[in-house]
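S.K.: Sharing a model prediction with you, sequence too.
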Amino acid sequence: MQENLLDYLACPNCGCEKIELQISKKEGQEISFGTLICCDCFSRFPIIGGIPSMLPRIYESEEKSETNLTLESSIYDIRKSEMLFRDTHATGYDNISRAQAQLEIDYVMDELNLSQGKKYTLLDLGCGTGRVLLSLIPYAQNLIGIDFSLESLRLLKSKLRKVENSGSVHLIHVDAAQPALKNKLFDAIVSVQLVQSFPDEETRLALLKQIHRVARPQASFVLSTFYYSLLKQLRARYIKNPEDDIYEREGLHLGHLYYHNYSSKELNDLFIKSGFKTLRKRGVNTPLTRRYGVVGAKIEKLLKWSGILTPFSHWITVSAFVETEDEM
Ligand SMILES: C[S@@+](CC[C@H](N)C(=O)[O-])C[C@H]1O[C@@H](n2cnc3c(N)ncnc32)[C@H](O)[C@@H]1O
């Protein structure tokens with residue numbers, strides 16, 4: 001990590017904005033090992049290979065998570081299960097279909113609508129191995145990527161070493177539900193394929209409120225997540241294929257990952273209750289892209305603005321913004 005990341009950090013346990021840095025090893029500007037200490041509750045967070053690890057206290061518990069995840073498992077077990085899965089499969093994540101991945105990145109970047117030549121303070125929540133984060137670098141004065149999979153962040157860090165201007169990128173190992181960040185920092189925020197893993201309304205709303213808290217007035221926020229489209233509802237009802245485990249309203253993907261498919265109304269309510277003004281929702285990743293790859297993705301992109309493909313989409317992007325200071 002670089003020392004200027006301290007300007008952004010707050011303690012995930014008590015919210016204190018004064019964090020002391022003890023350096024054990026520094027290479028150039030990069031602090032590769034050391035400790036961050038909260039000046040109020042004295043929580044200590046290690047810096048591991050240049051990545052500050054700021055998981056909240058609950059993760060220090062010795063409590064073993066259940067081996068068999070069910071829909072009734074506790075939030076802690078659901079999170080631990082995902083964390084473990086993402087750590088174990090970090091290297092495989094980038095192998096997901098290129099056409100689908102690129103289409104989603106294009107949708108998110110279109111919705112963010114950042115100006116060429118302008119530099120922003122940006123946040124990617126649940127950045128994983130950097131699929132979206134890497135596209136944000138040309139627009140970033142400072143870009144923070146957070147994720148609770150340390151292995152995904154390590155992989156991303158090794159990619160960043162080969163990328164131009166990646167000095168603006170900071171990674172934090174933290175739970176997005178308690179993101180260890182000060183208030184009103186960011187001009188634009190993205191969160192791609194994260195919120196579907198939040199298992200109930202209370203935790204979803206708490207997450208969106210945290211995002212609203214760290215956004216500046218007039219900031220934009222683009223979220224992309226699982227969509228409970230008409231097509232999925234029909235598939236869940238009529239085509240019961242046990243290998244298709246992501247078509248129910250909620251379920252366990254690959255046995256280890258909780259997912260929830262959001263309805264359009266549910267997303268509206270969530271955004272409004274957390275203080276965002278919603279601009280637009282668009283379906284992403286229809287059977288066109290899934291079946292016909294790059295060619296299908298091109299057709300899907302052409303039709304995107306009409307919204308006619310939304311009922312057949314696998315995912316949905318929601319773009320929203322924060323009010324001006326006067327309206328808040
Ligand atoms: C499906 S991946 C998406 C990664 C990336 N946004 C992308 O689009 O390629 C979900 C990511 O969210 C992370 N994640 C899930 N729940 C999280 C939480 N509560 N806090 C932080 N990261 C979380 C996982 O570790 C994983 O890297």
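M.R.: Looks like it arrived, so ask away.
S.K.: Give me the sheet partners of the strand or helix carrying I23 and which way each runs.
M.R.: For I23, the host element (DSSP states H and E) is strand 19-27. Applying DSSP bridges to the sheet, strand 19-27 is found paired with strand 30-38 (antiparallel).
S.K.: Please identify the buried residues of the partner strand?
M.R.: Using 16 or more other C-beta atoms under 10 Å as the test for burial, strand 30-38 gives I31, S32, G34, L36, I37, C38. Where C-beta positions appear, they are placed from N, C-alpha and C, glycine not excepted.
S.K.: counting residues per helix, which one in this structure is longest?
M.R.: For the chain, the longest helix by residue count, based on DSSP state H, is helix 287-303.
S.K.: which SS state does the residue in the chain positioned nearest to the ligand fall under?
M.R.: Of all residues in the chain, G128 sits closest to the ligand, at 2.7 Å by C-beta to the nearest ligand atom. The local conformation at G128, judged by DSSP: H, G, I helix; E, B strand; the rest coil, is coil.
S.K.: Run a quick neighbour tally on it.
M.R.: 22 (other C-beta atoms under 10 Å).
S.K.: Surely it touches L150?
M.R.: No. Applying C-beta atoms under 8 Å as the test, G128 and L150 come out as separate, 11.7 Å apart.
S.K.: quick one: buried residues of stretch 308-319?
M.R.: By neighbour count on 16+ other C-beta under 10 Å, the buried set for stretch 308-319 is L309, T310, P311, F312, S313, H314, W315, I316, T317, V318, S319.
S.K.: ok, now stretch 259-269?
M.R.: Across stretch 259-269, burial judged by 16+ other C-beta under 10 Å covers Y259, H260, N261, Y262, S264, L267.
S.K.: send the alpha carbons of that stretch over as PDB?
M.R.: Output of stretch 259-269 as PDB, limited to C-alpha atoms (Å, rounded to 0.1, in the frame of the first residue of the first chain):
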ATOM      1  CA  TYR A 259     -27.200 -16.000  -4.700                       C
ATOM      2  CA  HIS A 260     -30.400 -14.000  -4.900                       C
ATOM      3  CA  ASN A 261     -32.000 -13.000  -8.200                       C
ATOM      4  CA  TYR A 262     -33.300  -9.400  -7.900                       C
ATOM      5  CA  SER A 263     -36.600  -8.200  -9.300                       C
ATOM      6  CA  SER A 264     -36.800  -4.700 -10.800                       C
ATOM      7  CA  LYS A 265     -39.100  -3.500  -8.000                       C
ATOM      8  CA  GLU A 266     -36.800  -4.900  -5.300                       C
ATOM      9  CA  LEU A 267     -33.900  -2.900  -6.800                       C
ATOM     10  CA  ASN A 268     -36.000   0.300  -7.000                       C
ATOM     11  CA  ASP A 269     -37.000   0.000  -3.300                       C
END
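S.K.: and that stretch, is it in reach of the ligand?
M.R.: No. Taking C-beta under 6 Å from any ligand atom as the criterion, stretch 259-269 and the ligand are apart, separated by no less than 9.5 Å.
S.K.: For that stretch, which outside residues touch it?
M.R.: Outside of stretch 259-269, the residues within contact range by C-beta atoms under 8 Å, 6 or more residues apart in numbering are 195-199, 223, 225-229, 232, 246-253, 270, 278, 281, 316, 318.
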